[in-house]
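**Student:** my questions are about this predicted structure, shown below with the sequence.
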Amino acid sequence: MRTILHSTRSVSTIEYDPTVPCLIDTVTEFLYSVEFKEHMNKGLELLIEKKKDHGEIGWLANTKSVVVFPDDDTKWIIEDWFPRLVEAGIRHIAMVLPEDELVLMSNDVFDENYDEVAKELVIKHFKDIDSAREWLAKSLKKN
């Protein structure tokens, strides 16, 4: 996998993989809400930019090393970021799941609380990046 690094902070990166095409979002440690929102907004900005080149593009959230998300950040994703994602025409999200049981429980709560906008998204969970990339590549080619 050859990617192009587009955004980096000390504990988070956004890489572009034109072969899928997708952006790979990796967060390795806790981000405060302001940092998290800045990171996600940068990701959306890059998705919109790259969508112009590809027509379809996916978001791969590598949450393997993530700690539990605060409820306010989860709510913000569902109520603010997802609607903007849908408005931009982005529909496919692949999530590489963390191994931590507590974080997995947090993901279950997240999955149970989608609103109507989030239902317009296709979100699948994976154990590794390669499986997530493969699914995104196949899904994006269907559209």
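**Tutor:** Nice, thanks for sending it over.
**Student:** give me the element Tyr16 is part of.
**Tutor:** strand 12-17 (DSSP states H and E).
**Student:** contacts for whatever helix or strand comes next after that strand, please.
**Tutor:** Going down the chain from strand 12-17, the next helix or strand is strand 22-27, by DSSP H and E. Here strand 22-27 makes contact (CB atoms under 8 Å, 6 or more residues apart in numbering) with 3, 6, 11-17, 36, 39-40, 43, 46-47, 50, 57-63, 65-66, 94, 129, 133, 136, 140. C-beta: built from backbone N, CA, C; applies to glycine.
**Student:** describe which strands strand 22-27 pairs with in its sheet and in which direction.
**Tutor:** strand 12-17 (antiparallel), strand 58-62 (parallel) (DSSP bridges).
**Student:** and the helix or strand following it, what's buried?
**Tutor:** Using DSSP H and E, the next helix or strand after strand 22-27 towards the C-terminus is helix 33-54. Within helix 33-54, the residues that count as buried by 16 or more other CB atoms under 10 Å are 36-37, 39-40, 42-44, 46-48, 50.
**Student:** and helix 33-54, how far out from the chain middle?
**Tutor:** 10 Å (CA atoms, centre = their mean, to the nearest Å).
**Student:** what angle separates it from strand 12-17?
**Tutor:** Put simply, helix 33-54 runs at 10 degrees to strand 12-17, going by axes from the mean of the first three to the mean of the last three CA atoms, to 10 degrees.
**Student:** is Leu31 in contact with Met40, as I believe?
**Tutor:** No: between Leu31 and Met40 there is no contact under CB atoms under 8 Å: 9.4 Å.
**Student:** centre-most residue in this protein?
**Tutor:** With distances taken as CA atoms, centre = their mean, Ala61 lies nearest the centre of the chain, 3.6 Å away.
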